[in-house]
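**Student:** Give me the fold of what follows.
(one chain, ligands or ions: 2)
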Amino acid sequence: MPMNPDLEKERQGGTFDVEQLTHILDGGRDKTLKRHFLEQEVLKDPVFRGPDTRFLSREELFGELLRKHVAVIKKTQELSIDDINEASTIYSAAMNNNVGPLTLHSVAFVAPLDLMADDEQKKKWLIPAKKYEIIGCYAQTELGHGSFIRGLETRADYDVNTQQFVLNTPTETAIKWWVGGCVAVGDIGPKFGFGGVDNGYLCLNNVRIPRDNLLAKTGKVLEDGTYVKPENPKVVYGSMLGIRAALPKVGAYNLSKAVTIAIRYSCVRHQSEIKPGCGEPQVLDYQTQQHKLFPLLATAYAFHTVGVWMLDFHSTVMNEINEGHYHRLAEDHVLAAGLKAVINWKTHEGIEICRFSCGGHGYSLASSLPVIYVNHVANSTAEGETVILLLQTAVYLMKCVIDLEQGTPLDPSVAYLDQSFSKSEQWCSDVDMHSLLKAIQFRSKKFTEYVSSFVKKELMATGNQQLAFNKHKVILVECAKAHTEAVIMNAFVTKVDEILQSNPSVGKVLSLLCQIYGVTEILAHSGDYIQYEYLRKIDLDNIQDQLFKLYTYIRPEAVLLVDAFDFHDEVLKSILGRYDGQVYENMFKWAKASPFNKQDQGTFRKYIQQLKQAKL
Ligand SMILES: CCCCC/C=C\C/C=C\C/C=C\C/C=C\C/C=C\CCC(=O)SCCNC(=O)CCNC(=O)[C@H](O)C(C)(C)COP(=O)(O)OP(=O)(O)OC[C@H]1O[C@@H](n2cnc3c(N)ncnc32)[C@H](O)[C@@H]1OP(=O)(O)O
Ligand SMILES: Cc1cc2nc3c(=O)[nH]c(=O)nc-3n(C[C@H](O)[C@H](O)[C@H](O)COP(=O)(O)OP(=O)(O)OC[C@H]3O[C@@H](n4cnc5c(N)ncnc54)[C@H](O)[C@@H]3O)c2cc1C
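**Tutor:** Ligands and ions are numbered 1, 2, ... in the order given. Next up, the predicted model:
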């Protein structure tokens, strides 16, 4: 199919090599080539062809995705793929923006076995689980409790005579609920999205399991019922930590898809007239459209950068823990908590902005933006609700203030809290990314000190830390967000500095995105900078001008920047986001193919006929 002339023209501009940026995003040319190979292994294999999942009922969708997920597993085994990124490539190429029925088996059942099973148990369960000879799920949440783990009511009473645990969900609120991939007892019913996953309920009534079913790499129960505590009790939370550490990159992936669709479509879509008689411009030429999409384009790159960094950091900490060193577990937990919370929340807002920036066609499943949205938003709740996780980060920051007062060294990711910040010169409209980072770190430091003063005062008054925290939860959450933004910007600036050395042309365009991200973040909290007397009105006016100027620099690069995400059309599955930009012809073809247009109109006639019989 010929290329849409608008997109063809867009691809003749640009100042950097798209393929080199794709290699950087993938982690090297070899990784890109391997990803292409794996995608083609899926896309050329007829077993992965099937009905357009957007036209399927919930039952049909579950069945089709289960069929495809089994095919993904077989393909992954056939190709002897071990690497999680490569497994995810095969998975994403097949799932058409859905979450597969066996995802929780991989991310929430196999992972805890790997983390907490002793060698015997690994032989018994981990090896068959990795081969899908046993299928598991993660049944923690109950009808009455999800966030407050210490409030869970399920019981496991030890019967010393039979060396067994007797499991019970003693109350209705104890019923295990939301259990992804729980095909045993029952499905909890239709959901907002996640139609590919059968989230189930599980009632336990005197279910007996052997003592050695308790994963014993960390804590264990001896034959006489004595409980041997893990060396570090927090390791039992490790499986949640693992998924949280992965979810920032999942958020970046989903936002990159949405931004690709919205920016390509905004170049194909012509609407209204700026100068009468001069034809309808591309909607991406409107400053308002750029203001919707370019900060999100910058955010997708920022989130990808920090998502990769978080996974590397978490993997290092897990290796240290395997050798018995727990000193970085707390930092790992609060980084994963803050990044998972902020990135997934901002991503779901971003996907929604991408959807309505495509007008009516964004609302059609033909765009796939609604599909990406409803499957993504779960990540702001699942694996730790946004506020809950931000409070974890906030409590850690309060401890950092005390450490500072006591002269205890801080963890690297919060070292900036011990720095002094000053800004004397007036900002013009070309503030560099390092100055923007300093400002964002300054705000986080000031906010942390400000919140800590309130919590301390409350603690002095009540002597109760939980009460003190509970009274200031709103500003504690904002404090955690401010710190997380400093972590994101720091990761982005660090990566861009590195790329400026290795590939100046790519680095330069990324530095523009980094400035857009930083300026947008500062303008979103301009009141704080005035209140803390870090910025003046003239500074804010100048960086507002800078933002609009940056949009003009990014406009000719925009399509190339989303092309660099390198989504195959069959992976993106969006008519608005097609690489060739042939939207209208394919929208019409897609609509005509809808089963709704094929179904017998008998129903329509039957009821309308009743009206006709009535005297209207
Ligand atoms: C075929 C190949 C497929 C490959 C697929 C590839 C990619 C996947 C693609 C897509 C994936 C998309 C979707 C799938 C993923 C996710 C979504 C789906 C399913 C989600 C599954 C679930 O939701 S499982 C249930 C999750 N539930 C929670 O998160 C509960 C949240 N609540 C808590 O964690 C806790 O209650 C708490 C932390 C809020 C409170 O803990 P508590 O012990 O009550 O009290 P505290 O004083 O706050 O904490 C004590 C102490 O522990 C530290 N700590 C807490 N948590 C952790 C942790 N996780 N790690 C380490 N440390 C922790 C805390 O800081 C305290 O420390 P101090 O005592 O030092 O202060
Ligand atoms: C798609 C999806 C898949 C899931 N898969 C699984 C799974 O496979 N296995 C599993 O075990 N669970 C699963 N879950 C459950 C999920 O982990 C919980 O829904 C999540 O942890 C939130 O807990 P909750 O539902 O109890 O919400 P609640 O904690 O009841 O949250 C309700 C509101 O209360 C607020 N709140 C609660 N506590 C506090 C507090 N201390 N301070 C301030 N505000 C508070 C929250 O911020 C929120 O606004 C899944 C959920 C979804 C949506």
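**Student:** Just say helix, strand or coil for whatever residue of the stretch 201-350 of the chain ends up closest to ligand 2.
**Tutor:** Here the stretch 201-350 of the chain gets closest to ligand 2 at one residue, residue 240, 8.4 Å apart by C-beta to the nearest ligand atom. All C-beta spots, glycine's among them, are computed from the backbone N, C-alpha and C. For residue 240, the reduced secondary structure class is helix; criterion used: DSSP: H, G, I helix; E, B strand; the rest coil.
**Student:** In contact with it: list those residues for me.
**Tutor:** The neighbours of residue 240, taking C-beta atoms under 8 Å, 6 or more residues apart in numbering as the test, are 383, 384.
**Student:** Going forward, the N-terminal residue is numbered 690.
**Tutor:** Okay, residue one is now 690; in that scheme the one you just asked about reads as residue 929.
**Student:** quick one: it from residue 786, how far?
**Tutor:** Shown here: residue 929 relative to residue 786, a distance of 25 Å by C-beta to C-beta, to the nearest Å.
**Student:** same deal with residue 1129?
**Tutor:** Distance, residue 1129 to residue 786, by C-beta to C-beta: 32 Å.
**Student:** ok, and the closest non-adjacent residue to the closest residue to ligand 1 within the stretch 740-889 of the chain?
**Tutor:** Relative to ligand 1, the nearest point of the stretch 740-889 of the chain is residue 838 (3.6 Å; C-beta to the nearest ligand atom). On the basis of C-beta to C-beta, 6 or more residues apart in numbering, the spatially nearest residue to residue 838 that is not a chain neighbour turns out to be residue 829, at 7.1 Å.
**Student:** Pretty sure the one you found sits against residue 841.
**Tutor:** Yes: under the criterion of C-beta atoms under 8 Å, residue 829 lies in contact with residue 841, with a separation of 7.1 Å.
**Student:** Now do the contacts for the residue positioned nearest the centre of the chain.
**Tutor:** Nearest to the centroid of the C-alpha atoms of the chain, with distances taken as C-alpha atoms, centre = their mean, sits residue 940, at 2.3 Å. Listed by C-beta under 8 Å, 6+ apart, the contact set of residue 940 reads 992, 996, 1029, 1032, 1033, 1035, 1036, 1065, 1068.
**Student:** Show me the two of those residues that sit farthest apart.
**Tutor:** Using C-beta to C-beta, the pair of these lying farthest apart is 996 and 1065, separated by 13.8 Å.
**Student:** Contact residues of the stretch 690-839 of the chain facing ligand 2?
**Tutor:** Contact residues of the stretch 690-839 of the chain with respect to ligand 2, defined by C-beta under 6 Å from any ligand atom, are listed as 793, 797, 826, 827, 828, 829, 830, 834, 835, 836.
**Student:** Among those, name the buried ones.
**Tutor:** Buried members of these, scored by 16 or more other C-beta atoms under 10 Å, are 793, 797, 826, 827, 828, 829, 830, 834, 835.
**Student:** can you list those in TSV and add pLDDT?
**Tutor:** As requested, those are exported to TSV (pLDDT from 0 to 100):
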residue	pLDDT
793	94
797	93
826	92
827	93
828	94
829	94
830	95
834	94
835	94
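**Student:** now, the most widely separated pair of those residues?
**Tutor:** In those, two members sit farther apart than any others by C-beta to C-beta. They are 793 and 834, at 18.8 Å.
**Student:** The longest helix anywhere in the chain near ligand 1 anywhere?
**Tutor:** Of all segments of type helix in the chain, defined using DSSP state H, the longest is helix 976-1011. No: Helix 976-1011 stays clear of ligand 1 (C-beta under 6 Å from any ligand atom), getting no nearer than 9.9 Å.
**Student:** Tell me who's in contact with the nearest residue to residue 993 once chain neighbours are set aside.
**Tutor:** In space, not counting the residues next to it along the chain, residue 993 is nearest to residue 941; the distance is 4.1 Å by C-beta to C-beta, 6+ apart. When the contact criterion is C-beta under 8 Å, 6+ apart, the partners of residue 941 are 989, 992, 993, 996, 1032, 1036.
**Student:** State the distance from the first one to residue 950.
**Tutor:** Counting by C-beta to C-beta, the gap from residue 989 to residue 950 is 12 Å.
**Student:** quick one: the helices in the stretch 940-1089 of the chain?
**Tutor:** 976-1011, 1018-1045, 1048-1052, 1058-1065, 1075-1095 (DSSP state H, counting those that start in this stretch).
**Student:** Take those helices and lay them out in JSON lines including mean pLDDT.
**Tutor:** Formatted as JSON lines, the entries for the helices of the stretch 940-1089 of the chain read as follows, by pLDDT from 0 to 100:
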{"stretch": "helix 976-1011", "mean pLDDT": "97"}
{"stretch": "helix 1018-1045", "mean pLDDT": "98"}
{"stretch": "helix 1048-1052", "mean pLDDT": "96"}
{"stretch": "helix 1058-1065", "mean pLDDT": "97"}
{"stretch": "helix 1075-1095", "mean pLDDT": "97"}
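**Student:** mind giving me CSV with those helices and columns for mean neighbour count?
**Tutor:** As requested, these are exported to CSV (neighbours: other C-beta atoms under 10 Å):
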stretch, mean neighbour count
helix 976-1011, 21
helix 1018-1045, 24
helix 1048-1052, 16
helix 1058-1065, 23
helix 1075-1095, 19
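**Student:** okay if I get these as CSV plus distance to ligand 2?
**Tutor:** Converted to CSV, those look like this (distance: least, C-beta to the nearest ligand atom, whole Å):
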stretch, distance to ligand 2
helix 976-1011, 19
helix 1018-1045, 10
helix 1048-1052, 22
helix 1058-1065, 9
helix 1075-1095, 4
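**Student:** Which secondary structure elements does the longest helix of the chain sit against?
**Tutor:** Secondary structure elements in contact with helix 976-1011, counted by 3 or more C-beta pairs under 8 Å, 6 or more residues apart in numbering; DSSP states H and E, are helix 927-957, helix 1018-1045, helix 1162-1191, helix 1193-1213, helix 1226-1243, helix 1247-1252.
**Student:** show me where pLDDT drops low in the protein?
**Tutor:** Per-residue confidence of the chain (counting by pLDDT under 70) places the weak regions at 871, 873, 1113, 1290, 1301-1305.
**Student:** Surely residue 1212 and residue 1234 touch.
**Tutor:** No: contact criterion C-beta under 8 Å: residue 1212 and residue 1234 do not qualify, at 11.3 Å.
**Student:** ok so, going back, for the buried ones among the residues of the stretch 690-839 of the chain next to ligand 2, which one is nearest residue 886?
**Tutor:** Looking at those and their distance to residue 886, the nearest is residue 793, at 6.7 Å (C-beta to C-beta).
**Student:** Test my guess that the closest one contacts residue 870.
**Tutor:** Yes: when contacts are counted by C-beta under 8 Å, residue 793 is listed as touching residue 870 (4.0 Å).
**Student:** Identify the contacts common to the two.
**Tutor:** Taking C-beta under 8 Å, 6+ apart as the contact definition, residue 793 and residue 870 share the neighbouring residues 826, 886.
**Student:** and the chain, which of its residues are near ligand 1?
**Tutor:** Proximity of the chain to ligand 1 is confined to 761, 776-777, 780, 788, 792-793, 795-797, 827, 829-830, 835-839, 869, 923, 926, 929-930, 932, 939, 1018-1019, 1022, 1067-1068, 1071-1073, 1077, 1081 under the rule C-beta under 6 Å from any ligand atom.
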